[in-house]
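Chemist: here is a sequence with its predicted model. Questions after.
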Amino acid sequence: MSDVKDFFVPVRPTWCVGCGDYGIWNAVKMALAGLDLKPYQVMFVSGIGCGSKLPDYTRANGYLSIHGRPMPVATGIRLANHSLRVIAVHGDGDGYGIGGNHFLHAMRRNIDIVDIIQDNQIYGLTKGQYSPTSDRGFVTTTSPEGAIEAAVNPLALALAAGATFVSRSFAGDLKHLADTIMKAINHRGYALVDALQPCVTFNRVNTYDWYRQRVYKVEDETGYDPTDRMKAFAKALEWGERIPTGVIYQVEGKPTYEDQVPAMRAGLLVKQPIVSPRFAEEFEALKDAFV
Amino acid sequence: MPLNDMTFIIGGEAGQGVESSGAGFCKALARGGLHVFGLPDYRSRIRGGHNFFQIRAGTRPLYSHGGPPHLLMALTEEAVLRHREDIPAGGGVLYDPEHAVDAGWLKARGILAFPVPLGKIVKDAGGTRAMVNTAALGAATGLTGYDFSKVASVIEDNFRRKGQDVVDLNLKIAQAALDYVRTTFASSFDYRLEPVSGPPRMVINGNQAFCLGALAAGCKFVAAYPMTPSTTIIEFMSARAARYGIVTKHTEDEIAAVCMAIGAGHAGVRAMASTSGGGFSLMVEALGLAGMTETPVVIVEAQRPGPSTGLATRTEQGDLLFLLHASQGEFPRIVLAPGTVEQCYEAGIRAFNLAERYQTPAIVISDEFLAGAIRSVEKEAFDLSEATIDRGQILSDAELDALDGPYRRYQFTGSGISPRAIPGHPKAVYSATSDEHDEEGHITEEADIRTRMVEKRMRKLEAARQEMRAPETYGSPEADITFLAWGSTYGPLREAVDVLNRSGRKANLVHLVDIWPFPGEKVVAPLSRAKYIVDVESNYSGQMASLLRMHTGIVVNARILKYDGRALSPDYILAHLPEEVK
């Protein structure tokens, strides 16, 4: 059995004391250990932001990319080696803002990647500007009169884009978050985990208490059916006094992108011979097509 | 009677099959042992407008388009109006009399008029308007006396997948047009073509040749967003992906394309992204990512005239200095600029080897002219035995098993190259990061590590510089005129040099394929003997001349620059020689 300690590296995070990133970091490691995954079987891909440093602090394969681009990097890795459990982990600015286009397309192609968004409704590392998930009226250094734009609704977007697993959890509820991430990893296909996460330094509105007063678990609701897309839409639209968490939607049995790529049926791309033994013969035929 | 030395133009609207019939006729000529060069000229539209395809045929290898058209196959009135001024006396225009063509204008200039009722021939045979180009091919075959069986064999190959009915119908149309021309005009056209003996030759363009190289190199992953003139690369590879075990991905944008290729490269497969200048502009930030994480990736940039959308379907060499300097910060990159289809094939192989050997991005820069122009070339020119695959320093499973202590992905080494481990091995667990990092890959801001890591990366550039190839010198060793060029202008310049040397002048060409790291000493060697250097480029500022001066101090004597979006031709170069060497 693997253990949370297997993912330990002797590097101290740069995160502020009390940051929600710690909760997400611990929950991710709990989920990996809980699923008996080893560091070499996992590939974290992140972008830029406080939370995107997570792979640097975790013993596992990692690739810390550039702002907004973890999804395409992760997709390339996954297509080259689909034995790796690929987990993208990045913030709400990275995933829903600058990387928004990749977010939409990753969902509709149902690539088998877990996409954990550290959603703190603010830009932390650049010291406090409003983010795509900031509520309207949110006052920051770039929205001194309050944010004018409506916030992105990641869950509704995900449902509309055809995501096959849509979930939300809260960094202040380690067990629920770890449990949700485990479900996401076990899901075949794209899996969104919108991880609500207080920024203790720059977001004085969406605090631990603010979230605790609002979040509830759909698992606790009798009769909630996460396979019902229309009901999931209704849940996704809830935000404010009550914020749903848990697996909002999941449909199983849909083919993943990887399932449908002919070249990948012969096994891992990275393990296939660089040129086939028959290539010399085939090459003549390739050339003859031009004669 | 000029035999086996002529230039055709087939001109019509987009959608009339101008390019496919032009390319088909080239193939038919090559099957008859003739050398061909074919240049498509098209506009950024799907239907209408004026497209044309220029074909040169001869008995010696051809490297360029150029020269006046001896026969114009006009599918529209506009085609006649656009090209008639270029036709020499004794040349001809083949057109459908249903178009209002001024035959008197042609006759007054000694140009022969060949009205052929192409539309009626197609209709009588039971064909559709889209088959008029087939009729034109048949008619041209008849006028030049060429062997119809060669044309017929290409028609069969091209239409086979549409079914035997379509093949038969097209053959019937071509034959009918040929018969009409033979009956009506007998042998009134002076220019003749006939098969000669020769080895089988391929008729291929730069993008296709590059793809053959990439296949031979074991490229396993191709990502792209469609953009002229690079699109045919992902199309070619996609059509063969299932057969050759390649994953191709048409992505949501060029940023995704290059990032996916970087991800695939990081995971251990040979990966590339293909694009044009606009797409490359979007890829720039990720280029630096690959440089920083030392990820091998190949990027093909087929240039078109900019800035911005520019001339979407035309050619230019305006991106050289941009490519060499794109991205913030400094890191090693490799830049190759093939000039011929043979060099495109070779670049397809070399780029992957160089990218993996130096664990850094390798960029192949071409342009619309090289990407799209077709040339006949011996099959042997694409030699698989030269396709040596060198993946550079990759740790084997056994080496990793024996590893004592943590794996240091970015180990400081003398060459700057750190042995690479493919993710997935228990001992090869590490994080790559776009931040500055230490030997194990962890983020660091320590000044001394930063300094040493910059130097480690840049040492790779110096190592790569040693293996960059010298420019090719073509022509007279004791030249009075030395042309300096890079990339696609090789062909037109080679022909211009031949013309000058045949006329008693002494000219040569110094042509660079290996551009970065700039092989300074190897460039100085041939140029130090030059008496008069003329820089020839398809751009406004003479970017290679600037690069040369920056890295060697050599100042060129003159420049021939063209930036109208049309490829340089031998005629243009010769007509624009500086006064000093005219």
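Modeler: In hand now; what should we look at?
Chemist: what residues are up against B:G127?
Modeler: Applying CB atoms under 8 Å, 6 or more residues apart in numbering or on different chains, we find B:G127 in contact with B:T134, B:L169, B:N170, B:K172, B:I173. Bear in mind the C-beta positions are built from the backbone N, C-alpha and C, glycine included.
Chemist: go with 6 Å
Modeler: Shown in contact with B:G127 (CB atoms under 6 Å, 6 or more residues apart in numbering or on different chains): B:L169, B:I173.
Chemist: could you say which helix or strand contains it?
Modeler: Remark: B:G127 resides in no helix or strand, with elements defined by DSSP states H and E.
Chemist: that one and chain A, how far apart?
Modeler: Per CB to the nearest CB, to the nearest Å, B:G127 is found 26 Å from chain A.
Chemist: and the closest residue to B:E330 other than its chain neighbours, backbone torsions?
Modeler: In this structure, B:E330 finds its nearest non-sequential neighbour in B:M458, 6.8 Å apart by CB to CB, 6 or more residues apart in numbering or on different chains. Per-residue torsions, B:M458: phi -70, psi -20 (degrees, to the nearest 10).
Chemist: ok, now A:E241?
Modeler: Backbone torsions of A:E241, given as degrees, to the nearest 10, read phi -70, psi -30.
Chemist: number of residues surrounding it?
Modeler: Counted by other CB atoms under 10 Å in any protein chain shown, the residues lying close to A:E241 total 7.
Chemist: spatially nearest residue to it (excluding sequence neighbours)?
Modeler: Closest residue to A:E241 apart from its sequence neighbours, by CB to CB, 6+ apart: A:R214 at 6.4 Å.
Chemist: do B:D253 as well
Modeler: Counting by CB to CB, 6+ apart, B:D253 lies nearest to B:Y225, which is 5.5 Å off, once chain neighbours are set aside.
Chemist: and B:V536, what pLDDT?
Modeler: The pLDDT attached to B:V536 in the predicted structure is 98.
Chemist: list the contacts for it?
Modeler: Applying CB under 6 Å, 6+ apart, the residues near B:V536 are B:F483, B:A485, B:T489, B:L493, B:I560.
Chemist: name the element the residue of chain A found nearest chain B belongs to?
Modeler: When scored by CB to the nearest CB, chain A has A:G76 as its residue closest to chain B, at 2.5 Å. Remark: A:G76 resides in helix A:70-80, with elements defined by DSSP H and E.
Chemist: what's the local residue count around the residue nearest to A:E241?
Modeler: Neighbourhood size, A:R214 [other CB under 10 Å]: 18.
Chemist: could you measure from it over to A:G172?
Modeler: Using CB to CB, to the nearest Å, A:R214 is found at 11 Å from A:G172.
Chemist: show me the contacts for residue 34.
Modeler: In the absence of a named chain, this looks at chain A. By CB under 6 Å, 6+ apart, the neighbours of A:G34 are A:M182.
Chemist: meant chain B, my bad for not saying
Modeler: With CB under 6 Å, 6+ apart, B:L34 has these contacts: B:A57.
Chemist: could you do B:H551 as well?
Modeler: B:H551 neighbours (CB under 6 Å, 6+ apart): B:F518, B:G520.
Chemist: can you pull the phi and psi angles for it?
Modeler: For B:H551, the backbone dihedrals (degrees, to the nearest 10) come out as phi -100, psi -20.
Chemist: also A:T141?
Modeler: Backbone torsions of A:T141, given as degrees, to the nearest 10, read phi -70, psi -30.
Chemist: count the residues that sit near it.
Modeler: A:T141: 12 surrounding residues under other CB under 10 Å.
Chemist: one more: the one 3 residues further on?
Modeler: A count of neighbours around A:P144, defined by other CB under 10 Å, yields 7.
Chemist: and B:H50, what helix or strand is that in?
Modeler: Element membership for B:H50 (DSSP H and E) is strand B:48-58.
Chemist: quick one: low-confidence ranges for chain A?
Modeler: Counting by pLDDT under 70, chain A contains no low-confidence residues.
Chemist: where do the strands sit along it?
Modeler: In chain A, the strands defined using DSSP state E lie at A:42-46, A:61-64, A:85-91, A:114-119, A:122-123, A:129-130, A:165-170, A:191-196, A:215-217, A:243-250.
Chemist: and the fifth one, what does it pack onto?
Modeler: Packed against strand A:122-123 by the contact rule (3 or more CB pairs under 6 Å, 6 or more residues apart in numbering or on different chains; DSSP states H and E) you find no helix or strand.
Chemist: tell me which strands that strand pairs with, and in which orientation.
Modeler: Strand pairing for strand A:122-123, using DSSP bridges, gives strand A:129-130 (antiparallel).
Chemist: where's the partner strand relative to the chain centroid, distance-wise?
Modeler: 21 Å (CA atoms, centre = their mean, to the nearest Å).
Chemist: how about stretch A:202-209?
Modeler: Chain-centre distance of stretch A:202-209: 22 Å, with CA atoms, centre = their mean.
Chemist: give me the buried positions along it.
Modeler: For stretch A:202-209, burial by neighbour count (16 or more other CB atoms under 10 Å in any protein chain shown) applies to A:F202, A:N203, A:N206, A:Y208.
Chemist: what residues does that stretch touch?
Modeler: Here stretch A:202-209 has contacts from A:N120, A:Q121, A:I122, A:G124, A:G128, A:G172, A:P198, using CB under 6 Å, 6+ apart.
Chemist: CA atoms only for it - export them in CSV, please.
Modeler: Listed next in CSV are the C-alpha coordinates belonging to stretch A:202-209 (Å, rounded to 0.1, in the frame of the first residue of the first chain):
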residue,chain,number,x,y,z
PHE,A,202,-6.0,38.9,-0.2
ASN,A,203,-9.6,37.7,-0.1
ARG,A,204,-11.2,39.0,3.1
VAL,A,205,-14.7,38.2,1.8
ASN,A,206,-14.7,34.5,0.8
THR,A,207,-13.1,33.3,4.0
TYR,A,208,-13.3,29.8,5.7
ASP,A,209,-16.3,31.0,7.7
